[in-house]
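> requesting a structural model of the entry that follows:
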Amino acid sequence: MNYLIGIDGGGTKTVGLLTTIDGEKIANILDGPSNYHVVGVEITHQVLKYIIESLTSQIETTNNNIVICIGMAGLGRDDDRKVINEICDNMEITTQRILTHDAHIALVGGIGKPEGIIVISGTGSIVYGIDSHANEFRAGGWGYLIGDEGSGYDIAIKGLQAIAKATDNRKPSTILTELFLTELNLNDPKQLIRWVHAADRDEIAQLSKIVFEGMKNGDSTAIGIIETATDELVCAIESVIKQASFQDTINIVLNGGNLIHQPLFSENLKNKIYDKMGNISVLFPKNDPVYGAILLAKSYFYKNTYAN
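Residues are numbered from 1 along each chain as shown. Take a look at the predicted model:
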């Protein structure tokens with residue numbers, strides 16, 4: 001019997017899935033974060049070891065009857081792959097393995113095949129695509145200090161900047177001032193300075209929900225921030241499409257907390273995509289990213305087993 005393991009390693013949780021080669025689910029497991037940039041190499045080692053050992057303990061494995069695919073932020077870069085490879089080597093994992101980035105497994109899981117485009121707007125943002133010739137392209141994903149336009153962090157920071165300008169009478173007043181202060185239990189906008197310096201990126205990004213609330217209340221400042229975020233994502237999609245070569249209808253899957261949980265945001269983006277681009281199909285994910293890791297492991301198994 002041949003088996004597949006898919007792992008979706010993130011900054012808040014890690015998901016593992018074990019299936020047969022035909023995709024029949026045997027077991028799944030959930031553990032804490034495994035992004036070593038967030039938790040460090042030692043914790044990443046512990047989490048991956050727990051996930052892999054918990055899954056492989058349920059089957060009889062050999063070096064040749066199982067493929068493991070690990071998807072994790074940053075694994076599109078050589079330096080990061082080296083770190084995770086070393087962790088796997090230290091665990092004496094000798095089975096076949098694939099290391100790739102989180103957008104890759106999310107795309108394959110979301111569409112069900114390794115062709116199309118994924119738009120992610122969560123804490124960060126990225127647009128990533130694989131064309132009909134298996135070429136990979138991306139736009140965005142530069143990180144919150146350089147880019148990540150259209151992300152939760154970007155939206156929240158623009159909301160905070162709007163409050164600062166409104167407080168100074170440099171811009172019109174906005175309901176965001178009241179909403180942010182209420183959410184953070186503060187009394188004065190100037191208290192935001194201390195709060196921002198004490199908060200981490202994820203805590204700031206969570207405040208994007210307040211900007212969406214302002215948009216729903218008809219606040220012109222909040223509406224403008226969300227419109228700008230939408231336009232940035234559309235621009236990134238156009239960039240990927242211009243670089244790529246698709247033979248058929250382009251599937252574009254929307255993912256990330258902002259696009260999944262903010263229907264006005266995703267609907268606005270969807271409408272702008274259809275208005276500006278042809279031969280497009282916009283959808284929400286068919287499967288979780290960890291299933292994309294399973295599909296990639298399966299493809300790798302057959303490619304290497306039956307290669308001439």
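
> distance of the residue lying closest to Leu179 once chain neighbours are set aside relative to Ala244?
Here the nearest residue to Leu179 in space, its sequence neighbours aside, is Ile210; by C-beta to C-beta, 6 or more residues apart in numbering that works out to 4.9 Å. Where you see a C-beta, it was placed from the backbone N, CA and C, and this is true even at glycine. Distance from Ile210 to Ala244, counting by C-beta to C-beta, to the nearest Å: 36 Å.

> of the two, which one has the most company?
Comparing Ile210 with Ala244 by other C-beta atoms under 10 Å, the one with more neighbours is Ile210, at 22 against 19.

> give me the secondary structure label for that one.
Classification of Ile210 using DSSP: H, G, I helix; E, B strand; the rest coil returns helix.

> likewise for Asp202?
helix.

> ok, it touching Gly122?
No. Using C-beta atoms under 8 Å, Asp202 makes no contact with Gly122, being 9.8 Å away.

> quick one: residues contacting Leu181.
Asn187, Asp188, Pro189, Gln191, Leu192 (C-beta atoms under 8 Å, 6 or more residues apart in numbering).

> just the buried ones among the residues you listed, please.
Neighbour counting over the contacts of Leu181 (16 or more other C-beta atoms under 10 Å) leaves Pro189, Leu192 as the buried ones.

> from the contacts of Leu181, which two are the most distant?
Largest separation among the contacts of Leu181 by C-beta to C-beta: Asn187 and Leu192, giving 10.8 Å.

> what segments of the stretch 51-200 of the chain are helices?
With helices called from DSSP state H, counting those that start in this stretch, the stretch 51-200 of the chain shows them at 78-90, 102-111, 152-167, 175-184, 191-198.

> before we move on, back to that, hmm, the residue nearest to Leu179 is touching Glu178, no?
No. At 10.0 Å, Ile210 does not count as touching Glu178 under the criterion of C-beta under 8 Å.

> could you pull out the strands for this structure?
Remark: strands assigned in the chain by DSSP state E are 3-9, 14-20, 25-31, 66-72, 96-100, 116-121, 125-130, 136-140, 250-255, 280-283.

> so what are the sheet partners of the last one and their directions?
For strand 280-283, the paired strands and their directions (DSSP bridges) read strand 250-255 (parallel).

> likewise the fourth one?
Strand partners for strand 66-72, identified by DSSP bridges, are recorded as strand 3-9 (parallel), strand 96-100 (parallel).

> identify all contacting residues around that strand.
Strand 66-72 is contacted from outside by 2-10, 34-35, 48, 52, 56, 59, 80, 84, 88, 93, 95-102, 104-106, 289-290, 292-294, 296-298, 300-301, using C-beta under 8 Å, 6+ apart.

> so which of the strands paired with strand 66-72 is the most packed in?
With neighbours taken as mean count of other C-beta atoms under 10 Å, the strands paired with strand 66-72 reach their highest mean count in strand 3-9, at a mean of 27.

> quick one: distance of that strand to the chain centre.
In terms of C-alpha atoms, centre = their mean, to the nearest Å, the centre of strand 3-9 is set 17 Å apart from its chain centre.

> now it against strand 14-20, angle please.
Computed with axes from the mean of the first three to the mean of the last three C-alpha atoms, to 10 degrees, the direction of strand 3-9 lies at 170 degrees from that of strand 14-20.

> in the worst-scoring helix or strand of the chain on mean pLDDT, what counts as buried?
One helix or strand of the chain scores below all others by mean pLDDT, DSSP states H and E: helix 36-39, with a mean of 84. Residues of helix 36-39 classed as buried by neighbour count (16+ other C-beta under 10 Å): Tyr36, Val38.

> and that helix, how far out from the chain middle?
Mean-position distance between helix 36-39 and its chain equals 16 Å (C-alpha atoms, centre = their mean).

> render the CA-only coordinates of it in PDB, please.
C-alpha atoms of helix 36-39 as PDB (Å, rounded to 0.1, in the frame of the first residue of the first chain):
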ATOM      1  CA  TYR A  36      10.100  29.000  12.100                       C
ATOM      2  CA  HIS A  37      10.200  32.700  11.400                       C
ATOM      3  CA  VAL A  38       7.400  33.000  14.000                       C
ATOM      4  CA  VAL A  39       8.200  30.300  16.500                       C
END
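
> with that, I have no additional questions.
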